[in-house]
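Undergrad: could you look at this predicted model? Sequence included:
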Amino acid sequence: MSQLLRSYLTVAMFGAIGVLLAALLLAISALVRPNRPNADKSKVYESGVDPIGDGWSQSQIRYYVFALLFVIFDVETVFIFPWATQLERYAGFGLLEMGIFVFVLLLGLVYAWRKGVLRWV
């Protein structure tokens, strides 16, 4: 048997052992746990308030847009952090590039503000 196939066999054996161990532990927990069904356990629970009406409701798109804007501006901080740690190495050119980057972000923020997306109503 070649060394390459032996490596794949080793990975397959460890994978099989992992799957068997997970199945064994799930089976043991199913046998050991208490099982006392109750109507209150099947009831929908949301933030400590008993549900009223049906469980389906349509959400407004502005919450989605607000969350999307938060994610976009949050991800932009990931781009700013490496620049801030290497600021001395980038010197004036890096400062100019980051200034342009932050300016474009501010334009996006002003655009969202003027469109009324940031108004939480």
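TA: The structure has been received and is ready for your questions. Predicted model only: the values in this text are computed from it and were never measured.
Undergrad: ok now stretch 19-36, how far from the chain's centre?
TA: When distances are taken as CA atoms, centre = their mean, to the nearest Å, stretch 19-36 is centred 29 Å away from the chain's centroid.
Undergrad: how about stretch 105-121?
TA: A distance of 24 Å separates the centroid of the chain from that of stretch 105-121, by CA atoms, centre = their mean.
Undergrad: need the helix or strand of the chain with the lowest average pLDDT.
TA: Lowest by mean pLDDT, DSSP states H and E among the helices and strands of the chain is helix 61-85, with a mean of 84.
Undergrad: so what touches that one?
TA: Applying CB atoms under 8 Å, 6 or more residues apart in numbering, the external contacts of helix 61-85 come out as 90, 94, 98, 101-102, 105, 108-109, 112, 117-118, 120-121. (Each C-beta comes from the backbone N, C-alpha and C, glycine too.)
Undergrad: go again with 10 Å.
TA: Counting by CB atoms under 10 Å, 6 or more residues apart in numbering, the neighbours of helix 61-85 from elsewhere in the structure are 60, 89-90, 94-95, 97-98, 101-102, 104-105, 108-109, 112, 115-121.
Undergrad: can you turn the buried part of those residues into a PyMOL selection?
TA: Here is the PyMOL command that picks out the buried ones among the contacts of helix 61-85, judged by 16 or more other CB atoms under 10 Å:
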select buried, resi 98+112
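Undergrad: mind checking how far the spatially closest residue to residue 50 that is not a sequence neighbour is from residue 35?
TA: Beyond its immediate neighbours in the sequence, the residue positioned closest to residue 50 (CB to CB, 6 or more residues apart in numbering) is residue 43, lying 7.9 Å away. Using CB to CB, to the nearest Å, one gets 18 Å for the distance from residue 43 to residue 35.
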